[in-house]
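Chemist: Following is a predicted model, sequence given first.
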Amino acid sequence: NAGVTQTPKFQVLKTGQSMTLQCAQDMNHNSMYWYRQDPGMGLRLIYYSASEGTTDKGEVPNGYNVSRLNKREFSLRLESAAPSQTSVYFCASALASGVTDTQYFGPGTRLTVL
Amino acid sequence: GENVEQHPSTLSVQEGDSAVIKCTYSDSASNYFPWYKQELGKGPQLIIDIRSNVGEKKDQRIAVTLNKTAKHFSLHITETQPEDSAVYFCAASATGSQGNLIFGKGTKLSVKP
């Protein structure tokens, strides 16, 4: 049982390049989330998917798109990367969309945009 | 919307001492308050959580207290050990959005041997 996995672990992009961050969970969870973590800012929600087939914006969605490919996978796409998107990105999943469900986090992707 | 304030931002204690981290929240309708521990280079991991119908919860050396009237909750770690050194995040459930959490900005705890 791998839990939540993320690829890649590290990535360096040039301004304007695009890329997709991949996330998968094997816990049969319904809800999935993408966060970014910046120094001194804590974790901020980018997008979430309460269930397969649905996605919604979080606190900081600008510059990102997401796809809930199936129940297991939730990807985050940067269409035209900017230096302000340099951050550590975490994917998380939870059993259901209820507010009391524990969120389990992946190991993160460290992204640098030059 | 919900806002979560966390203090202190850094905390240094001697091994064996207790550590206390405090958080306040703004939305009185929030009903779930988890605490996460993040070790260097890893993702956050849940260590304890509390729901609004409970005032205190303990798990070995870790305890969380909740004061709904004052809208604050605290993490207490007793008999600290060097392996407790990490960044700790509190969070509160965001009402009106499904399953979302609002996180504090974190506390870096250092336990000196």
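Modeler: Everything's here; your move.

Chemist: Show me what from chain A comes close to chain B.
Modeler: Where chain A comes near chain B, counting by C-beta under 8 Å from any C-beta of the partner chain, the residues are A:4, A:31, A:33, A:40-45, A:48, A:50, A:56, A:58, A:90, A:92, A:94, A:96-108. (Each C-beta comes from the backbone N, C-alpha and C, glycine too.)

Chemist: please redo it, this time with the cut-off set to 7 Å
Modeler: Contact residues (C-beta under 7 Å from any C-beta of the partner chain) of chain A with chain B: A:31, A:40-43, A:45, A:48, A:50, A:90, A:94, A:97-103, A:105-108.

Chemist: Which ones among these map onto strands?
Modeler: A:Ser31, A:Gly42, A:Leu43, A:Leu45, A:Tyr48, A:Phe90, A:Ala94, A:Phe105 (DSSP state E).

Chemist: shaky segments in the chain?
Modeler: Using chain A here. For chain A, the stretches with pLDDT under 70 are A:97-100.

Chemist: I was after chain B.
Modeler: Applying pLDDT under 70 to chain B flags residues B:96-99.

Chemist: follow-up on the earlier one: between which two of the ones in strands among the residues of chain A next to chain B is the distance greatest?
Modeler: A:Ser31 and A:Gly42 (19.9 Å; C-beta to C-beta).

Chemist: The closest residue to A:Cys23 other than its chain neighbours: what's it in contact with?
Modeler: Excluding the flanking residues, the one nearest A:Cys23 by C-beta to C-beta, 6 or more residues apart in numbering or on different chains is A:Cys91, at 3.4 Å. By C-beta atoms under 7 Å, 6 or more residues apart in numbering or on different chains, A:Cys91 lies in contact with A:Val4, A:Gln6, A:Cys23, A:Met32, A:Tyr33, A:Trp34, A:Phe74, A:Gly106.
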